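Visitor: dropping the sequence and predicted coords here.
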Amino acid sequence: MFGSDNLRAKGERVSFVPLVTLLLTALIAVAVAGAQTRFAYSSGQNLSPAYEGWWPNEDGSFTMFFGYMNTNWLQEFDIPIGPGNAIEPGGPDQGQPTHFYPRRNAFLFTIRVPKDFEKKELIWTLTANGKTEHAYASLKTDYRIDKQVISTEVGGDNGSLRDALRSNIPPDLKIDGDKQRAAKVGQPLPLLAVAGDPDNLPARRDGRPAPGMRAAPPGPPPAERAGAGRASLPAPAGRANVAVAAPLRPPVAVVASSGPGLRFSWIVYRGKAEVVTFSPDQMKTWMDTRAYANSPWSPPYVIPVPPADGKWAAQATFQEPGTYVLRGLASDGSLFTSDDVTVTVTR
């Protein structure tokens with residue numbers, strides 16, 4: 001056994017202890033840095049179905065809410081109804097989408113279950129990029145939600161937690177025309193939606209209801225209106241049509257937030273979105289948080305003033321034959337109302 005004098009004479013033992021310490025310190029530093037790293041992927045990552053929660057209905061039934069998280073920023077998926085996109089029991093088709101946009105798409109569709117559903121369970125299965133994931137939907141009390149929870153999850157009303165949001169009324173929405181339509185490849189299909197915010201909650205800067213909709217009560221005082229203190233600033237070169245809010249403030253919440261106010265957009269709910277173009281371009285309905293991304297969650301962005309007559313006119317043009325479901329989504333920034341049009345496209 002070596003004494004302390006022998007250790008000093010040898011040198012090897014004395015240098016060994018600090019070397020191990022340095023190595024351990026370096027490994028810990030690398031591990032901590034790795035734990036704090038967040039990677040963003042354009043493609044190749046998974047697609048996860050999401051069960052958002054449930055609430056009771058007056059007739060004793062229950063409404064279950066579903067959405068999804070596509071962890072890619074660019075890659076979109078088209079997954080037909082079947083083994084790779086099924087909700088069971090009772091499916092595989094229970095009204096879920098077959099086209100999946102990037103990132104978070106929350107509270108996208110609902111399933112109504114009877115009052116005797118009790119301890120039963122729905123399972124949504126999705127397979128994308130070779131990986132299968134499931135969402136398990138039940139009526140467990142932990143999953144019960146209300147309107148304020150929905151608003152909070154989507155960053156509605158600029159992330160507000162106001163109790164008034166619990167009594168929020170979702171937008172009125174009516175799609176003019178037949179629900180089943182036909183179109184030719186390359187032939188623009190006219191689309192007209194009429195939407196209004198019946199209670200002007202959460203209030204935008206004007207709060208004008210659409211004609212024929214329920215009248216909106218007076219909004220809050222001007223100082224409390226969404227958009228107060230904002231100003232229009234010139235957008236960067238090439239982005240002249242983007243509304244900009246000033247001043248810019250750093251985010252203060254984990255969930256991306258969006259401003260209040262009625263808005264409407266068309267999306268491709270079923271069918272290949274890459275072969276469908278809308279004119280004018282539609283505001284994104286998925287949580288794109290990148291700057292100048294034409295998204296309510298994108299800084300800096302101001303929700304455009306709705307049409308004076310409450311009518312949103314657009315055209316859809318299809319580049320390939322097939323059957324498509326176009327979904328119109330109206331939102332007041334906290335709650336959503338949707339309506340669908342099925343289009344059969346031929347050459």
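Guide: Now that the structure is in, tell me what you want to look at. Numbers count the residues shown, from 1 in each chain.

Visitor: please, which helix or strand holds the residue nearest to the spatial centre of the chain?
Guide: By C-alpha atoms, centre = their mean, the chain has its centre lying nearest to residue 105, at 3.0 Å. Element membership for residue 105, per DSSP states H and E: strand 103-113.

Visitor: direction included, what does that strand pair against?
Guide: Strand pairing for strand 103-113, determined by DSSP bridges: strand 62-70 (antiparallel).

Visitor: what mean pLDDT does the next helix or strand after the partner strand get?
Guide: Sequence-wise, the next helix or strand downstream of strand 62-70 (DSSP H and E) is strand 77-78. If you average the pLDDT over strand 77-78, you get 98.

Visitor: list the contacts of the next helix or strand after strand 77-78.
Guide: Next in sequence after strand 77-78, counting helices and strands by DSSP H and E, comes strand 85-88. Residues outside strand 85-88 that contact it (C-beta atoms under 8 Å, 6 or more residues apart in numbering) are 79, 92-94, 96, 98, 111, 122-127. (Glycine included, C-beta is placed from N, CA and C.)

Visitor: for stretch 115-125, same thing?
Guide: With C-beta under 8 Å, 6+ apart, stretch 115-125 has contacts from 49, 51, 59-62, 64, 66, 83-90, 94, 96, 111, 113, 132-139.

Visitor: could you rerun that using 6 Å?
Guide: 49, 60, 61, 86, 87, 88, 134, 135, 136, 137, 138 (C-beta atoms under 6 Å, 6 or more residues apart in numbering).

Visitor: mind listing what's buried in it?
Guide: Neighbour-count burial for stretch 115-125 flags 117, 122, 123, 124, 125 (criterion: 16 or more other C-beta atoms under 10 Å).

Visitor: quick one on the thing from earlier: going by distance to residue 310, which of the contacts of stretch 115-125 wins?
Guide: residue 61 (31.0 Å; C-beta to C-beta).

Visitor: if we can go back for a sec, now do the contacts for the residue nearest to the centre of the chain.
Guide: Contacts for residue 105 (C-beta under 6 Å, 6+ apart) come out as 67, 68, 286.

Visitor: same question for residue 56.
Guide: So residue 56 contacts residue 62 (C-beta under 6 Å, 6+ apart).

Visitor: who's it bridged to?
Guide: residue 62.

Visitor: where does pLDDT dip in this structure?
Guide: 1-38, 205-254 (pLDDT under 70).

Visitor: could you redo the last one with a cut-off of 80?
Guide: For the chain, applying pLDDT under 80 flags the ranges 1-38, 204-255.

Visitor: pretty sure residue 325 contacts residue 267?
Guide: No. Residue 325 is beyond contact range of residue 267, at 9.6 Å (criterion: C-beta atoms under 6 Å).

Visitor: and these two? Which one has more around it.
Guide: Shown here are residue 325 and residue 267; by other C-beta atoms under 10 Å, residue 267 has more neighbours (22 against 17).

Visitor: separation between that one and residue 100?
Guide: 11 Å (C-beta to C-beta, to the nearest Å).

Visitor: one more: residue 188?
Guide: From residue 188 over to residue 100 (counting by C-beta to C-beta), the distance is 25 Å.

Visitor: excluding chain neighbours, what is closest to residue 183?
Guide: Nearest residue to residue 183, sequence neighbours excluded (C-beta to C-beta, 6 or more residues apart in numbering): residue 189, at 4.5 Å.

Visitor: surely the one you found touches residue 316?
Guide: Yes. Counting by C-beta under 6 Å, residue 189 touches residue 316, with 4.8 Å between them.

Visitor: neighbours of the residue nearest to residue 183, how many?
Guide: Using other C-beta under 10 Å, residue 189 has 21 other residues around it.

Visitor: taking the contacts of strand 85-88 together, which two end up most distant?
Guide: Pairwise over those, using C-beta to C-beta, the maximum falls at 111 and 127, 20.0 Å.

Visitor: residue 331 pairs with what?
Guide: Beta-bridge partners of residue 331, as defined by DSSP bridges: residue 263, residue 336.

Visitor: go on, residue 144?
Guide: In beta-bridge terms (that is, DSSP bridges), residue 144 pairs with residue 54.

Visitor: against residue 121, how distant is it?
Guide: 15 Å.

Visitor: residue 275 now?
Guide: 36 Å.

Visitor: that's a strand at residue 274, yeah?
Guide: No. Assessed with DSSP: H, G, I helix; E, B strand; the rest coil, residue 274 is helix; it does not lie in a strand.

Visitor: and it, how far from residue 76?
Guide: If you go by C-beta to C-beta, the gap between residue 274 and residue 76 works out to 7 Å.

Visitor: with neighbour numbers in mind, choose between these two.
Guide: Looking at residue 274 and residue 76 with other C-beta under 10 Å, you find the greater number of neighbours at residue 76, namely 17 against 12.
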